[in-house]
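> sharing a model that was predicted from the sequence below.
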Amino acid sequence: MKTTRRDVLKLLGAGAAAPALGFWPRLLHAASPTVTDRYFVFAYFSGGWDELLALDPRNPDLFNSETEVSTGINPAYGTIPNLNEEDYLVPTSVDGMTFGPYIGELAAHAEKLAVVRGMAMEAVAHQVARRHVLTGIRPAGTTVRGPSVATLLATLLGEEEPIPNLTAGVPSFNLGQPLWATGLPTGSIEDLYKSLSPPELDILDSQRDALETFFEKQRERAAHSRLRDIYDNRSVARTLIEMGLNEHFNIESDTPEMADLREIFGVDSGVTGEGGKLALMTAQALTQGISRCVSFVAADGLDSHQGAAWRTNHGPNLQEGFNSIAALASHLEATPFGDVPGDNWLNHTTIMCFSEFSRTALLNSNGGRDHKLYNSMLMLGGGIRGGQVVGASSDLGMQAQAVDLSTGQVSESGERIGNNHIARTLLHSIGVEEDVGDFRAPAVPALLEDA
Amino acid sequence: MLLWMMLACSGGTKDVALVDTVVPEEEPPVLPGVGETDWGETEVEPSVPANTRQLKRMTVRQARDSMEQISGGIVWGGGSSSDWNDHFDTLGVADYQLRVESDRQPSVMFQKFLDDAASDTCRRWILGEGSAFHSIDDPDSAVQADIRANILGLRWKIQGKARTDGDPIIDDYLTLYTSVRARTDSSDHAWGSVCQAMFTHPDFFMY
């Protein structure tokens, strides 16, 4: 029988939940989600991705070193070693959806993808911009002013899962939400396996029983709620081990199931990099009923201000990240969901790929690219209307443009899409139409499947 | 003006009686169902006394280094590098790329790995690695006074608490010791449990 968070909370007693009720002012009065069988993945491409290399390319015949003075755009594909000219642009089966050379295997999923181009960011400092996209609300300096969107979604949907909100390498914030919705961090799938496992040389059961009795008494005697929280966290740590969740994340296991997963996610071939292992972890956390929201770093090393870094590493790192997303999408699509024939996990999982900002459309004096205030984003899966491009960056400097939020087309009478629109859209997709996150922006109906 | 002054002066022939203006105090009205003791009562927790401050958790490096120093050099994992270092990412230690501030919460993950480190350190410490574990001559002694003395000695070494008996938690540690001793018939296992309890108690890692 699957052990749920309700069971975990029962083990802790009401004490774990009671303090949380005081922090629910908005959500208590908000509409409950009408879609409750939805899961969320937040795939972070760390460092600021170069849109020209994947999500928002330009034709090098029109945009090059000769025209850059007037356009402010130069994809400079020709300066990248070992990149063939026929690979500069990757067309897809979707009209208007062409990708850059490093989109990897994700291009094959074009019919499921919703690409958002020409987004407006509000910061070009990594920490600030990252916190902005994770919370949907511009921070005050570097101080977040709201919980992570993942935490919010975990609060609304994740009460039954043992680890409602799992994060690997991605910061998580909890302001005003129950403590159990806070992201449980892990550095890697290997570390998650160790976190959920007893130590190699564990103490005897009798010792463990006596220790737990000792700490139960300490909790009863604790005079302050903060001390009780400490004892509760200790109990949660023990309970997670006792639930035996660790085997789902034992990537070194020689079981046929894990061997298949390693192959699907390219762990041994290396085509997905470290992101592949985390995508495997994500798939297991979702499909084994462990988590409701998972955030992970799909690609790293993208902050390529220097020319050598941009020419040599940025593209391959980006491609590994997109390959891991492609593997995740394929695996979820192939995994049956529930009892309805033909239904699959991808239908019930919203995947959002993002970076804190993108990079300048022109090379800098070092031959690399610096930070830029405009961006793209990629979404697919449950609730998302795939096979489309929403918005567009301008052909002058790749700037953000106003978009008709209902149609997704560029329109001067529309508004520029920002992180808050995306956050609001995710909540809308599960039927929460009230602005419970205080994002102060409308959702983007063009992105939604049922709008 | 002179006439006015005369009128003012001549009007004073009437004696103004000194009226007792002090009104006897009335009993304050007693409102039905409300007593003085009900005023101001709330369900809010009693406030922290002014001479305390907010508890803070030691950093991961402090936990690592403290355990090594207390045990006389026992490194968790037994290698040249502590296992604590392998879990820096999970424990939210600042790397100054993705994180510029370390997570200082007594989180689920911190307590899990602290428990693992304590289990390993205590086991090896009792077996003779590192510095002297016991504060008494006969660690197998079943005499309560000896056990209490050893508990006080351990508490001093691990948590820095003064070696004075009387704290109720000493009885709890004693209960822990005797319970494990009875079930395993091993003083090593019993002292190992006490050691692990002390390292994983907030008295060690919160300050």
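Arrived safely, thanks for sending. Residues are numbered from 1 along each chain as shown, chains lettered A, B, ... in the order given.

> pretty sure residue A:343 contacts residue A:333?
No - judged on CB atoms under 8 Å, residue A:343 makes no contact with residue A:333 at a distance of 10.6 Å. Just so you know, the C-beta spots here come from the backbone N, C-alpha and C atoms, and that holds for glycine as well.

> looking at chain B, which residue is nearest chain A?
Taking CB to the nearest CB, chain A has its nearest neighbour within chain B at residue B:89, 2.6 Å off.

> neighbours of the nearest residue to that residue once chain neighbours are set aside, how many?
For residue B:89, ignoring the flanking residues on the chain, the nearest one in space by CB to CB, 6 or more residues apart in numbering or on different chains is residue A:187 at 2.6 Å. Using other CB atoms under 10 Å in any protein chain shown, residue A:187 has 20 neighbouring residues.

> for the closest residue to chain B within the stretch 351-451 of chain A, helix, strand, or coil?
Here the stretch 351-451 of chain A gets closest to chain B at one residue, residue A:356, 10.7 Å apart by CB to the nearest CB. Three-state assignment for residue A:356 (DSSP: H, G, I helix; E, B strand; the rest coil): coil.

> distance of it from residue A:275?
Applying CB to CB, to the nearest Å, the value for residue A:356 to residue A:275 is 16 Å.

> compare these two (neighbour count), which wins?
residue A:275 (31 against 28).

> now do the more buried one against chain B, distance only.
Using CB to the nearest CB, to the nearest Å, residue A:275 is found at 15 Å from chain B.

> show me what the helix or strand that that residue is a member of is packed against.
Using DSSP states H and E, residue A:275 falls within helix A:273-287. Using 3 or more CB pairs under 8 Å, 6 or more residues apart in numbering or on different chains; DSSP states H and E, the elements in contact with helix A:273-287 are strand A:39-45, strand A:165-168, helix A:189-195, helix A:256-264, strand A:293-299, helix A:315-334.

> right, and those - which one's nearest chain B?
Closest of the helices and strands packed on helix A:273-287 to chain B is helix A:189-195, at 4.5 Å (criterion: CB to the nearest CB).

> where in chain B is pLDDT low?
Along chain B, segments meeting pLDDT under 70 span B:1-26, B:30-52.

> tell me where it has helices.
Applying DSSP state H to chain B gives helices spanning B:2-10, B:60-70, B:83-86, B:108-126, B:144-159, B:168-184, B:187-199, B:202-205.

> distance to chain A for those helices - can I get that in a markdown table?
Below are the helices of chain B laid out as a markdown table (distance: least, CB to the nearest CB, whole Å):
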| stretch | distance to chain A |
| --- | --- |
| helix B:2-10 | 70 |
| helix B:60-70 | 12 |
| helix B:83-86 | 8 |
| helix B:108-126 | 4 |
| helix B:144-159 | 12 |
| helix B:168-184 | 4 |
| helix B:187-199 | 5 |
| helix B:202-205 | 5 |
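
> count the residues that sit near residue A:38.
22.

> if we can go back for a sec, my guess is the residue of chain B closest to chain A contacts residue A:191, does it?
Yes - applying CB under 8 Å, one finds residue B:89 in contact with residue A:191, separated by 6.8 Å.

> which of the two has more neighbours?
The residue with more neighbours, out of residue B:89 and residue A:191, is residue A:191; 21 against 17, by other CB under 10 Å.

> which non-adjacent residue is nearest that one?
residue B:90 (4.5 Å).

> residue contacts, that neighbour?
Contacts for residue B:90 (CB atoms under 8 Å, 6 or more residues apart in numbering or on different chains) come out as A:185, A:186, A:187, A:188, A:191, A:192, A:195, B:109, B:113.

> and the fourth one, how far is that from residue A:274?
Here the distance between residue A:188 and residue A:274 works out to 8 Å (CB to CB).

> what does the first one give?
As for residue A:185, its distance to residue A:274 is 16 Å (criterion: CB to CB).

> between those two, which one's more packed in?
Taking neighbours as other CB under 10 Å, residue A:185 and residue A:274 compare with residue A:185 leading, 25 against 22.

> now stretch A:121-130: mean pLDDT?
Taken as a whole, stretch A:121-130 has an average pLDDT of 95.

> list the buried residues of it.
For stretch A:121-130, the neighbour count (16 or more other CB atoms under 10 Å in any protein chain shown) marks A:121, A:123, A:124, A:126, A:127, A:128, A:129, A:130 as buried.

> name the nearest residue to the fourth one, sequence neighbours excluded.
Leaving aside its sequence neighbours, residue A:126 sits nearest to residue A:356 (CB to CB, 6+ apart; 5.9 Å).

> which residues does that neighbour contact?
For residue A:356, the contacting residues are A:46, A:47, A:48, A:121, A:123, A:126, A:129, A:130, A:132, A:133, by CB under 8 Å, 6+ apart.

> could you redo the last one with a cut-off of 7 Å?
A:48, A:126, A:129, A:130, A:133 (CB atoms under 7 Å, 6 or more residues apart in numbering or on different chains).

> which one is the closest residue to chain B within the stretch 301-450 of chain A nearest to, not counting chain neighbours?
Relative to chain B, the nearest point of the stretch 301-450 of chain A is residue A:303 (8.9 Å; CB to the nearest CB). Counting by CB to CB, 6+ apart, residue A:303 lies nearest to residue A:47, which is 3.5 Å off, once chain neighbours are set aside.

> next, count neighbours for that neighbour.
Using other CB under 10 Å, residue A:47 has 26 other residues around it.

> check for me that residue A:163 belongs to a helix.
No - under the criterion used here (three-state DSSP), residue A:163 is coil, not part of a helix.

> need phi/psi at it.
Main-chain dihedrals, residue A:163, degrees, to the nearest 10: phi -120, psi 80.

> now the residue nearest to residue B:89: how far from residue A:427?
Relative to residue A:427, residue A:187 is positioned 29 Å away (CB to CB).

> that older thread, and the residue nearest to residue A:191, what are its phi and psi?
Note on residue B:90: its backbone torsions stand at phi -70, psi -30 [degrees, to the nearest 10].

> is it true that residue A:322 touches residue A:100?
No - counting by CB atoms under 7 Å, residue A:322 stays clear of residue A:100, with 10.3 Å between them.

> looking at those two now, which is surrounded by more residues?
Using other CB under 10 Å, the more surrounded residue of residue A:322 and residue A:100 is residue A:322, with 28 against 23.

> now for the more buried one: which residues touch it?
Contacts of residue A:322 by CB under 7 Å, 6+ apart are A:54, A:103, A:104, A:105, A:106.

> show me what contacts residue 112?
This is for chain A. By CB under 7 Å, 6+ apart, the residues touching residue A:112 are A:329, A:380, A:386.

> my question was about chain B, not that one.
By CB under 7 Å, 6+ apart, the contact list for residue B:112 reads A:195, A:237.

> same check on residue A:204?
If a contact means CB under 7 Å, 6+ apart, then residue A:204 has B:184, B:189 as its contacts.

> separation between it and residue A:170?
38 Å.

> same question, residue A:242
Counting by CB to CB - residue A:242 and residue A:170 are separated by 27 Å.

> with neighbour numbers in mind, choose between these two.
Remark: of residue A:242 and residue A:170, residue A:170 carries more neighbours, 23 against 13, as counted by other CB under 10 Å.
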